[in-house]
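Student: Predicted model, plus sequence, below.
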Amino acid sequence: MSRTRKRRMMNQINVVPYIDVTLVLLVIFMVTAPMTNPGIVELPGAGQALNQPKLPPVVVTVKKNGSIELDSQAMQRDELLVAVRATLSKSPERSVVIAADKNVKYEDVIGVMDLLKTNKVDKVGLLLKPV
């Protein structure tokens, strides 16, 4: 008597070839990774002198008590904006820098910067003491 058996379909995936390929790729990456040159980035130091523009910047000073000065003249926020715009209309290539005491609240300095930026004064920065 001959018994005939039907072959059953295999319902599992054979993952051994996938593991083999993955391990070969892993070895290739491990061998070639030290050979690649990541590139060298030369960052400027904090004390380096930058190329200074020909015209001096407009200096806005924020005092400890929150008052604002432009060229040593105390003024309110709306007066500051008018004065800065008048100065920049004469020489638009000038930038505006904000100088503040180290004890001034951060929100006061950012408030002045935001006032200038929202009113389309593009070149606004912070004045720092060189190290």
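Tutor: Perfect, I can see it now.

Student: In which helix or strand does Lys117 reside?
Tutor: In the assignment (DSSP states H and E), Lys117 maps to helix 106-118.

Student: What mean pLDDT does the lengthiest helix in the chain get?
Tutor: Using DSSP state H, we find that the single longest helix of the chain is helix 16-32. Helix 16-32 shows a mean pLDDT of 94.

Student: which secondary structure elements does it contact?
Tutor: In terms of contacts (3 or more CB pairs under 8 Å, 6 or more residues apart in numbering; DSSP states H and E), helix 16-32 is packed against no helix or strand at all. Heads up, the C-betas are built off the backbone N, CA and C, glycines and all.

Student: next one: it to chain centre, how far?
Tutor: Distance of helix 16-32 from its chain centroid, counting by CA atoms, centre = their mean, to the nearest Å, is 38 Å.

Student: What residues of it count as buried?
Tutor: The neighbour-count check on helix 16-32 (16 or more other CB atoms under 10 Å) flags nothing as buried.

Student: following that helix, which helix or strand shows up next?
Tutor: Assigned by DSSP H and E, the successor of helix 16-32 is strand 58-62.

Student: Now do that next one, average pLDDT.
Tutor: In the prediction, strand 58-62 has an average pLDDT of 87.

Student: That one: partners in the sheet, and parallel or antiparallel?
Tutor: Partner strands and pairing direction for strand 58-62 (DSSP bridges) are strand 68-70 (antiparallel), strand 96-100 (parallel).

Student: send the alpha carbons of the helix holding Lys117 over as CSV?
Tutor: Provided in CSV are the C-alpha atoms of helix 106-118 (Å, rounded to 0.1, in the frame of the first residue of the first chain):
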residue,chain,number,x,y,z
TYR,A,106,16.0,89.2,29.5
GLU,A,107,12.4,90.1,28.6
ASP,A,108,13.3,93.8,28.4
VAL,A,109,16.1,93.2,25.9
ILE,A,110,14.0,90.9,23.8
GLY,A,111,11.2,93.4,24.0
VAL,A,112,13.3,96.1,22.4
MET,A,113,14.6,93.6,19.8
ASP,A,114,11.1,92.5,19.0
LEU,A,115,9.9,96.1,18.7
LEU,A,116,12.6,96.8,16.1
LYS,A,117,12.2,93.5,14.2
THR,A,118,8.4,93.8,14.0
